[in-house]
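Participant: Dropping a prediction and its sequence here:
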Amino acid sequence: MPIATGSDPLAVLVIGCGNIAGGFDAARAPDAAPCTHAGAFRRHGRYRLSACVDPDETRRREFMRHWGVASGYSSMDALVESGSRFDVVSICSPTDCHASDVLAALRLEPRIIFCEKPVTPNAATTAELVQSCEAAGVPLVINHTRRWDPEITRIRGELASGVWGAVRTVVGLYNKGVLNNGSHMIDLLHHLLGPVSVVATGTPVWDGLPDDPSVPAILSGVKTIPIHLVCGHASDFALFELQIVTERGVLTMEEGGVAWRIRRTNESPHFRGYRTLDAGERHAGGYLLAMLGAVSNIHEALSSGAELASTGRSALAVQEICERIKEKSGLVR
């Protein structure tokens with residue numbers, strides 16, 4: 001299976017054939033925005049889904065059938081022995097498998113590795129993997145999806161240019177694990193505002209993951225912007241929202257980025273000399289375009305040297321913050 005050259009489609013290997021690999025898109029309309037690796041690779045048009053790996057034969061065969069994948073393997077060892085080569089290795093296996101899957105992928109000498117987050121269950125192991133990929137000269141891309149959300153890119157530019165004035169405070173709401181989902185929130189904060197540090201934490205909320213509770217926390221951002229992480233409970237509903245309070249209004253990300261609500265300041269119609277917020281407007285976000293943005297960024301990096309929006313290094317910085325939150329809450333000693 002030769003590596004692509006020139007205008008040939010890039011050959012892709014998918015490791016793990018579950019929901020994020022392709023399952024979430026299996027029942028969606030063909031023209032719906034892709035939410036999975038396979039869906040995004042297919043929609044982009046410059047990739048070829050060449051092979052997949054999954055120990056579950058039923059799931060592997062269904063993935064091959066639905067996405068038109070020619071070759072399937074029960075293990076990475078079996079694949080490595082086949083001598084196949086790939087441009088892109090897409091790792092969609094469970095988090096506990098990522099370390100071994102990344103190392104096995106490096107044996108295939110791909111041009112790039114695209115891995116789900118969290119990279120591994122702990123920052124020390126993630127650091128080792130990042131170093132291994134760097135030593136091999138293989139870029140490691142981590143799916144912190146909102147880095148490729150065009151609406152977040154636009155808002156990031158507005159915040160940086162001063163359109164909204166000073167950022168006064170930020171509130172993030174999340175559930176289902178400080179590493180599992182909280183890492184997405186911290187990465188979003190890093191992307192929008194720059195590095196954060198941990199000031200204090202609250203009582204962990206055990207809401208579904210045995211080793212990864214959701215933890216409320218107070219963070220400090222650039223210019224000591226106060227940031228509050230607030231937890232819901234994953235058994236109630238999925239929760240991932242962000243409220244940015246600025247000098248000139250409030251920007252609220254809703255439904256994980258599927259929508260944004262924008263409220264601006266104006267003169268109070270009731271109290272002279274006071275400024276208040278208007279009723280606001282709600283518009284579509286770009287979250288559902290993010291997976292396609294990710295594979296487009298990967299293609300541009302391989303074809304023209306474009307900078308990657310999310311890397312092993314940026315993900316490691318996020319995971320180190322997650323671990324500090326756990327340490328301050330007494331979960332790690």
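Facilitator: Perfect, thanks for sending it.
Participant: Quick check: buried residues in stretch 240-254?
Facilitator: 240-246, 249-253 (16 or more other CB atoms under 10 Å). Where C-beta positions appear, they are placed from N, C-alpha and C, glycine not excepted.
Participant: Please enumerate residues in contact with it?
Facilitator: Identification of contacts with stretch 240-254 by CB atoms under 8 Å, 6 or more residues apart in numbering yields 152, 155, 159, 163-175, 181, 184-185, 188, 192, 255-257, 259-265, 277, 280, 282, 285.
Participant: Quick one: mean pLDDT over it.
Facilitator: For stretch 240-254, mean pLDDT rounds to 98.
Participant: next one: stretch 51-70
Facilitator: Averaging pLDDT along stretch 51-70 yields 97.
Participant: Now the terminal residues of stretch 254-263, how far apart.
Facilitator: The first and final residues of stretch 254-263 sit 13 Å from each other (CA to CA, to the nearest Å).
Participant: just how off-centre is that stretch within its chain?
Facilitator: 17 Å (CA atoms, centre = their mean, to the nearest Å).
Participant: Quick check: which ranges of the chain have low pLDDT?
Facilitator: Counting by pLDDT under 70, the low-confidence segments of the chain come to 1-6, 332-333.
Participant: Give me the domain ranges for it.
Facilitator: 10-116, 147-290+320-328 (automatic domain parsing).
Participant: What segments of the stretch 51-200 of the chain are helices?
Facilitator: Ranges of helices in the stretch 51-200 of the chain, per DSSP state H, counting those that start in this stretch, are 57-67, 76-82, 98-107, 123-136, 150-161, 182-193.
Participant: which other helices and strands contact the fourth one?
Facilitator: Contacts defined by 3 or more CB pairs under 8 Å, 6 or more residues apart in numbering; DSSP states H and E place helix 123-136 against helix 98-107, strand 140-142, helix 312-328.
Participant: The first one versus helix 123-136: what angle between them?
Facilitator: Here the directions of helix 98-107 and helix 123-136 differ by 10 degrees (axes from the mean of the first three to the mean of the last three CA atoms, to 10 degrees).
Participant: Return the most buried member of the domains of the chain.
Facilitator: Looking across those with neighbours counted as mean count of other CB atoms under 10 Å, the highest average goes to domain 10-116: a mean of 19.
Participant: and that domain, how far from the chain's centre?
Facilitator: 17 Å.
Participant: Just the endpoints, please. Distance across it?
Facilitator: 19 Å.
Participant: same question, stretch 89-100
Facilitator: End-to-end distance of stretch 89-100: 13 Å, with CA to CA as the criterion.
Participant: And the contacts of the helix or strand that contains Leu229?
Facilitator: Element membership for Leu229, per DSSP states H and E: strand 226-231. Strand 226-231 is contacted by residues 169-175, 182, 185, 189, 193, 196, 205, 207, 214-221, 325 when judged by CB under 8 Å, 6+ apart.
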